[in-house]
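J.: Just a sequence and a predicted model for now, questions to come.
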2 protein chains.
Amino acid sequence: MPAPRVFLDAGGRAPVTLRTREAFLAGLADGWADPRRLTTESRRARAVLDGAREAIADALGAEPSQLHFVSGPHTAFDHAIAGIHRARRGRDRIVATSIERRAVLDAAEHTAPGLVDRVPVDRDGHADAEAFTRLVSDPATSLSLVQHANHEIGTVQRLEELVDATAAGGVPLVVDASASIGHVDAPVHWDALMADPADWGAPLGIGVIALRPRTRWLEAWPGDGLAPGGVSIPLALAAAVALQERLETLAATRERLHSLTARIRDALAALEGVTIVGDPDERLPHLVTAAFMYLDGEPVVSRLDREGFAVGSGSACGSDTFEPSAVLAAMGALTHGNLRLGLPVDVQDADVERFLAALPRVLEDVRRTMQG
Amino acid sequence: MPAPRVFLDAGGRAPVTLRTREAFLAGLADGWADPRRLTTESRRARAVLDGAREAIADALGAEPSQLHFVSGPHTAFDHAIAGIHRARRGRDRIVATSIERRAVLDAAEHTAPGLVDRVPVDRDGHADAEAFTRLVSDPATSLSLVQHANHEIGTVQRLEELVDATAAGGVPLVVDASASIGHVDAPVHWDALMADPADWGAPLGIGVIALRPRTRWLEAWPGDGLAPGGVSIPLALAAAVALQERLETLAATRERLHSLTARIRDALAALEGVTIVGDPDERLPHLVTAAFMYLDGEPVVSRLDREGFAVGSGSACGSDTFEPSAVLAAMGALTHGNLRLGLPVDVQDADVERFLAALPRVLEDVRRTMQG
């Protein structure tokens, strides 16, 4: 009997749970109508949407009226950044840490071409608070972009070290929490928050923007709202239920996964030519990224896949080419090849052990093939 | 026993069928992984996505490689218009019929501020072919926007009268088919096609852009693809299956609904102060729009809702205010109040008769209340 497949690539997307699936179906049954019309069907759809909004707002510590659903995380990045920048008319620079998500940096660059100031990070991926403070003090700065946690290396930023500088300058702190919600406690310090329900176990197709009541956001043209045409109410409900499900066991899951990833980090670090990246403690509990000194990532992933293990590599945002990771480059880490593990919530200890037992042989095989 | 509710507001959104629901769940089971990675799970997701793409491309007469999924119809409008305009560098005007969807006109106006030329329409909603030809002959014209059918009044445009002028000038004919696919045969004449699966019975949350191989499209910045971050594969599969389901019975359904709406048009036209808008023959089979001379739309919709009938009114794009319809205004029709019926595929003849029996009394009640 072949061993069952082991899925260790749960960063951004994973199979949805039965409960989340049922929530989607309930949303489909009661939330198919356009919530902006006057009929009974529309009122029922609106009630489902409002319920989902309240549940997620509550989990994020946001005002329900300031919690907006959009069509996906990329739309969340684009809309939040462009709209907040627009509302800060007269200030044209954007400050961003150098390891923000590619899509966030692209949206910033599109919004303020040539005027995005990058804040360097240290070897563990923490933003340089001094450089950040200096940059947000520039009166030309319109907003600052800081991720809550990095989707590749797992490092959780010290927002508490950065928030005072943004508050002092009145510069909105726009936090990309698309890799952290549902894995660790939601961040407290933000003026705008962007989140990705697919990362906490919802089906893809919806994004979240939360604004503080004081945070101004301006549309590009009349009728260009945050989600013109509306969003999928079944997906909103599924997102709310998936988050609820994660939060119910957050503390226990976090502890269990943190231990498992600590075990993986130790085992990988003991291998020749392998470096573990990201903060060893202040990090997402489910991610491990290893950089290889002499190996490409692609053959390692393919070989592991044939052995029954699904893992990630390359730029974790899902590009189809194996370009060197911009995040690792910004940290001064090795970027020849890398491997990213994302443990799903229901990962078994035995699966992790099987993976760790198989990995050295796989690396050896790939190394031999590359030399041969 | 109270009579069951009658849903006559199927323009844009409607309950999904069991088969479409099952397709979504199958897509969720096999298509949750990121299709751009190297694992077995990703290859499986990619196969589901490719299958959905091929099925929809086939139905639209498009090349599968030129069929793009985006996060919704509004994104389809924005991306198609902006990207094609960008690729026509040096030409800065856009030609659009005056009854294009609000979201299409907004996207055009955002792309070419102050440079959108509107083509007038006749009383039935057909674009003035002479004016259209003159405008697309302007060497400054970058692209032309013509809807296949209007979402409010149902009129199907005579694309065959317009295509020669666009071909002669090399001006892309960008066709908004977001109200017609699945209701009538797909249009033949287009250089780019935009479609909305929710209108043919799929759950909301995905949009479609089809390009001819000769049609150039340019991204706004590197990495800004047509659907950055990917689309929902379960929704893509549900969209493909919902379309398949519609096409299997298209001819029979079209004939049946066309007769039913003809019956409704006649019955409404016989009422005092009511005018039927849209072409009586060259139209979508499931829509009827009536304009009232002395009545507001809102109380009519609300009163009908209480009587158990869900119908639409106001701007059919789902705005939350009852603004006068821009489409009706462009046609020179009465815009004081209007009522839009959208018959779902499974509408019963008896439901239509019940509605027609109730309507005169409802209109009389509303008229009395307004005068009182």
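T.: Perfect, I can see it now.
J.: alpha carbons only for contacts and neighbour counts from here, please
T.: Noted.
J.: pretty sure residue A:24 is in a strand, no?
T.: No. Counting by DSSP: H, G, I helix; E, B strand; the rest coil, one finds residue A:24 to be helix, located in no strand.
J.: How many residues are close by it?
T.: Per other CA atoms under 10 Å in any protein chain shown, the neighbour tally for residue A:24 reads 27.
J.: Please apply the same query to the one 3 residues further on.
T.: By other CA under 10 Å, the residues close to residue A:27 number 22.
J.: Is the residue of the stretch 1-150 of chain A found nearest chain B in a helix, a strand, or coil?
T.: For the stretch 1-150 of chain A and chain B, the shortest gap (CA to the nearest CA) falls at residue A:36, measuring 5.1 Å. Here residue A:36 is coil, with the state taken from three-state DSSP.
J.: cool, and the one 10 residues further on?
T.: Reducing the assignment to helix, strand or coil with three-state DSSP, the entry for residue A:46 is helix.
J.: and if you look at the one 5 residues further on?
T.: Under the three-state scheme (three-state DSSP), residue A:51 adopts helix.
J.: How about it: what's its closest non-neighbour residue?
T.: residue A:237 (7.8 Å; CA to CA, 6 or more residues apart in numbering or on different chains).
J.: For the helix or strand hosting the one you found, which helices and strands make contact with it?
T.: In this assignment (DSSP states H and E), residue A:237 forms part of helix A:233-248. Contacts defined by 3 or more CA pairs under 8 Å, 6 or more residues apart in numbering or on different chains; DSSP states H and E place helix A:233-248 against helix A:18-30, helix A:40-60.
J.: Alpha carbons only: can I get the shortest one in CSV?
T.: Same thing as helix A:18-30. C-alpha atoms of helix A:18-30 as CSV (Å, rounded to 0.1, in the frame of the first residue of the first chain):
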residue,chain,number,x,y,z
LEU,A,18,-16.2,20.5,5.9
ARG,A,19,-17.6,23.3,8.1
THR,A,20,-16.3,26.0,5.7
ARG,A,21,-17.8,24.2,2.7
GLU,A,22,-21.1,24.0,4.5
ALA,A,23,-20.9,27.7,5.2
PHE,A,24,-20.4,28.4,1.5
LEU,A,25,-23.4,26.3,0.6
ALA,A,26,-25.5,28.0,3.2
GLY,A,27,-24.4,31.3,1.7
LEU,A,28,-25.3,30.1,-1.7
ALA,A,29,-28.8,29.2,-0.6
ASP,A,30,-29.5,32.4,1.2
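J.: That one and chain B in contact?
T.: Yes. Among the residues of helix A:18-30, A:28, A:29 lie within reach of chain B under CA under 8 Å from any CA of the partner chain.
J.: what's that helix packed up against?
T.: Partner elements for helix A:18-30 (3+ CA pairs under 8 Å, 6+ apart): helix A:40-60, helix A:233-248.
J.: That one versus helix B:18-30: what angle between them?
T.: Using axes from the mean of the first three to the mean of the last three CA atoms, to 10 degrees, the inter-axis angle of helix A:18-30 relative to helix B:18-30 is 160 degrees.
J.: Not counting its own residues, what contacts helix A:18-30?
T.: A:41, A:44-45, A:48, A:201-202, A:233-235, A:237-239, A:241-242, B:15-16, B:203 (CA atoms under 8 Å, 6 or more residues apart in numbering or on different chains).
J.: do that again at 10 Å, thanks
T.: By CA atoms under 10 Å, 6 or more residues apart in numbering or on different chains, the residues outside helix A:18-30 that reach it are A:15, A:17, A:31-32, A:41-49, A:52, A:201-203, A:232-245, B:15-16, B:21, B:24-25, B:28, B:203-204.
J.: what inclination does it have with respect to helix A:233-248?
T.: Using the same axes, to 10 degrees: helix A:18-30 against helix A:233-248 is 150 degrees.
J.: quick check, distance from helix A:18-30 to the centre of its chain.
T.: The chain centroid and the centroid of helix A:18-30 are separated by 24 Å, computed with CA atoms, centre = their mean, to the nearest Å.
J.: Does residue A:184 touch residue A:243 like I think?
T.: No. Counting by CA atoms under 10 Å, residue A:184 sits too far from residue A:243 to count as a contact (11.7 Å).
J.: to the chain's geometric centre, what's the distance from the lowest-mean-pLDDT helix or strand in chain A?
T.: Every helix and strand of chain A was ranked by mean pLDDT, DSSP states H and E. The lowest is helix A:326-330, at a mean of 77. Centroid separation between helix A:326-330 and its chain, computed with CA atoms, centre = their mean, is 16 Å.
J.: Briefly note if whichever helix or strand comes after it comes near chain B.
T.: Heading C-terminal from helix A:326-330, the first helix or strand you meet, by DSSP H and E, is strand A:337-342. No. Counting by CA under 10 Å from any CA of the partner chain, chain B is not contacted by strand A:337-342; separation bottoms out at 12.2 Å.
J.: And strand A:337-342, what does it pack against?
T.: helix A:250-269, strand A:274-277, strand A:287-292, helix A:297-306, strand A:312-313 (3 or more CA pairs under 10 Å, 6 or more residues apart in numbering or on different chains; DSSP states H and E).
J.: Quick one: residues in contact with the last one.
T.: Strand A:312-313 has contacts (CA under 10 Å, 6+ apart) with A:8-11, A:152, A:289-291, A:296-302, A:318, A:322-325, A:337-342, B:37-39.
J.: Could you rerun that using 6 Å?
T.: By CA atoms under 6 Å, 6 or more residues apart in numbering or on different chains, the surrounding residues in contact with strand A:312-313 are A:9, A:297, A:338, A:339, A:340.
J.: With the longest one instead?
T.: Taking CA under 6 Å, 6+ apart as the criterion, the residues outside helix A:250-269 that touch it are A:275, A:285, A:286.
J.: need the residues of the stretch 51-200 of chain A near chain B, please.
T.: Within reach of chain B by CA under 6 Å from any CA of the partner chain, the stretch 51-200 of chain A has these residues: residue A:71.
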